[in-house]
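J.: what shape does this take:
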Amino acid sequence: MQRLPKDILAFLISLLEFILMARFLLKLLGANPHSEAVAWLYQVSEPLLKPFTLAFPTAAAQPGGVLEYNTLFALFVYAFIGYAAEAVLSILFNLFIPPTVITTAEPDTEFEPGETVVKTKTTRVRRS
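T.: All right, here's what the predicted structure looks like:
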């Protein structure tokens, strides 16, 4: 159960990173902004870049291409935020969810005829 929030968070961060990386590559290669798919991607990624808009200058990479440093910086910042959020989730789960106690029973190989002896072993397992 505790893996589900981490998996959802990892999926959302990966999706965000994919969108930003696609934007970076399309801008670098000089993709046609009038294409529907490219325009949609630029429109979706624009709010993600708002906090970084004036952080770095934009440089021309090739004829028609643009090297967006703010997109690269946003990739690193969002990745760091995602890893930090996963670490916080791990800490919270370890604090508030008690460890699982597993009891296993193994039959004893040395027993008297007509007598059954069972050894039990208790192991405390921390969820990760």
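J.: what segments of the chain are helices?
T.: 3-29, 36-49, 69-96 (DSSP state H).
J.: how far away is residue 52 from residue 88?
T.: Counting by Cβ to Cβ, to the nearest Å, the separation of residue 52 from residue 88 is 23 Å. C-beta here means a position set from N, CA and C on the backbone, and glycine is covered the same way.
J.: please say which of those two ends up with more neighbours.
T.: residue 52 (18 against 11; other Cβ atoms under 10 Å).
J.: let me know whether residue 68 touches residue 58 as I believe.
T.: Yes. Using Cβ atoms under 8 Å, residue 68 is in contact with residue 58, at 5.6 Å.
J.: neighbour count winner among those two?
T.: residue 68 (20 against 13).
J.: which residues touch that one?
T.: Residue 68 makes contacts with 23, 24, 27, 28, 58, as judged by Cβ atoms under 8 Å, 6 or more residues apart in numbering.
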